[in-house]
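S.K.: Mind folding the following:
(one chain, ligands or ions: 1)
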Amino acid sequence: IERIEQTEEKLNAYITVCAQEALEKAKVADEELLRLSEDEIPELFGIPIAIKDNINVEGIRMTCASRMLESFISPYDATVTKKLRERGAIFIGKNNLDEFAMGSSTETSYFGPTKNPWDFSRVPGGSSGGSAAAVAARSALASLGSDTGGSIRQPAAFCGVVGLKPTYGRVSRYGLTAFASSLDQIGPITKNVEDAAYLLNIISGLDSKDATSAKLPVPNFLEALNGEVKGLKVGLPKEYFVEGIEPEVKALVEEAARKLEKLGAELVEVSLPTTKYSVETYYIIAPAEASSNLGRFDGVRYTYRAKNYKGLVDMYCKTRAEGFGDEVKRRIMIGTYTLSAGYYDAYYLKAQKVRTLIYNDFQKAFESVDVLLTPVTPEVAFKIGEKTDDPIKMYLSDVFTIAVNLAGLPALSLPCGLTAQNLPVGVQLIGKAFDEETILKVAHALE
Ligand code: GLN
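M.R.: So this is what the prediction gives:
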């Protein structure tokens, strides 16, 4: 908590800090500890964990970085937070994000932007920018983020920490504020791979409250960290190493690949030809789902309601006009348009078909390799304000992370070095569906 106090003025990584509750819980835990024998101590006993502010923690405010939910208090725990709580974790605060997780820089937050701890003039990435900045600045031991199109991996890369997006269905989304339900996943943002495996062990598994959670056994992910990468086939998709990537980023990612080769892995060039359509496909599907999911924020339920209105429709309009920021409105308008009767086939249906092609590309690549290695982003953390006037430029910063969500695969972002300007670069490891073990194993070997 002292560390949060030292760093928050510069970083703005938290929307809510639960200093008092956390200290009280820690005190109780301290006393309890004296009574517990070693094997009775729960896995996360007294461990302070931060949570992205679009995931419910009972009794604590959850804003989604929006004016719409400025004073909303979560009435229940998300499944992931319930699981952490049951293992003794202490919630120290809620991390800043882009409003409703829509963005790549944490600049669309109603509560102001988060800064990158490596360079305060730069963004931490987004949308889980507060989570990544807090872990990087050591004002959180670990945080949970959400990833719809790259929101765990891209900020992890920009802040030099580990970020894992599990397979769609591995972790329950119950209690995560829905953005694009067919893409959203919750995952850990941590200092190292071991912590990511540790948290994934706890948050994974079937949940009757989320029909998309998978009925599959959860392996012990810590056991995967055995350093055995000899003989593994590592695919380098040629479409991810093209012009337009900053040369220093490319060089550091290639160095990571060579390191794996030295450890006995085999590098294989593969092709994901439909990848080039992933940003376009995502920006039809995600806004379509968002426009539907955000319909619930109508001024009747939840907290914000416009003050002066004439009748119900006027109340809806004014509440939504005042409660949502520009980026959220842009997404709602795009989504409503692409789902409208005359355009559904041309946009939404077409995008769903391309999504299948993207998935098939990955399936084909995984016939010949065990894991894929790519950059996380084409560039290092950009300057605050650099892309705010140009949504397309902002959308393109997720060009290497988005296809993974469309295909529902697991992927991890691992720091792989610093540029001459002292800015972190991330390497992305993409695995087969439900094979988080291999990406964790490879990441651990590279660490
Ligand atoms: N940057 C992407 C978007 O704005 C992804 C966000 C996310 O993963 N939540 O939609």
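S.K.: what sits against the residue of the stretch 151-300 of the chain found nearest the ligand?
M.R.: As assessed by CB to the nearest ligand atom, the ligand sits closest to Ser151 within the stretch 151-300 of the chain, at 2.9 Å. Placement of C-beta: from N, CA and C, glycine included. Applying CB atoms under 8 Å, 6 or more residues apart in numbering, we find Ser151 in contact with Leu97, Asp98, Ala101, Ser104, Gly126, Ser127, Ser128, Gly145.
S.K.: wait, doesn't the first one sit right on Ala50?
M.R.: In this case it means Leu97. No: at 11.6 Å, Leu97 and Ala50 do not qualify as touching, with contact defined as CB atoms under 8 Å.
S.K.: what touches both of these two?
M.R.: Ser131.
S.K.: before we move on, the earlier item: identify the residues contacting the residue nearest to the residue of the stretch 151-300 of the chain closest to the ligand when sequence neighbours are not counted.
M.R.: Closest residue in space to Ser151, ignoring its immediate chain neighbours: Ser127 at 4.2 Å, by CB to CB, 6 or more residues apart in numbering. Counting by CB under 8 Å, 6+ apart, Ser127 touches Leu97, Asp98, Ala101, Met102, Gly103, Ser104, Thr106, Ser146, Thr148, Ser151, Pro155.
S.K.: Just the pLDDT at Ser127, thanks.
M.R.: Per-residue pLDDT puts Ser127 at 98.
S.K.: what about it, which SS state?
M.R.: Assigned by DSSP: H, G, I helix; E, B strand; the rest coil, the conformation of Ser127 is coil.
S.K.: And for Pro391, the neighbour number?
M.R.: 16 (other CB atoms under 10 Å).
S.K.: in which helix or strand would I find the closest residue in space to it that isn't next to it in sequence?
M.R.: Distance criterion CB to CB, 6+ apart; nearest residue to Pro391, sequence neighbours excluded, is Arg330 at 6.7 Å. For Arg330, the host element (DSSP states H and E) is helix 326-339.
S.K.: now Leu412
M.R.: Leu412 belongs to strand 411-418 when assigned by DSSP H and E.
S.K.: Could you look up the SS state of the closest residue in space to Gly244 that isn't next to it in sequence?
M.R.: The shortest distance from Gly244 to any non-neighbouring residue, by CB to CB, 6+ apart, is to Pro378 (5.8 Å). Classification of Pro378 using three-state DSSP returns coil.
S.K.: any idea how far Pro378 is from the ligand?
M.R.: From Pro378 across to the ligand, the span is 14 Å (CB to the nearest ligand atom, to the nearest Å).
S.K.: Now for that residue: which residues touch it?
M.R.: Pro378 sits in contact with Gly244, Ile245, Glu246, Val249, Leu396, Ser397, Val399, Phe400, where contact means CB under 8 Å, 6+ apart.
S.K.: hmm, which of those are the buried ones?
M.R.: Among the contacts of Pro378, the ones that count as buried by 16 or more other CB atoms under 10 Å are Ile245, Val249, Leu396, Ser397, Val399, Phe400.
S.K.: Tell me the residues on the chain that lie near the ligand, please.
M.R.: Residues of the chain lying close to the ligand by CB under 6 Å from any ligand atom are 101-104, 127, 147-151, 179, 286, 398.
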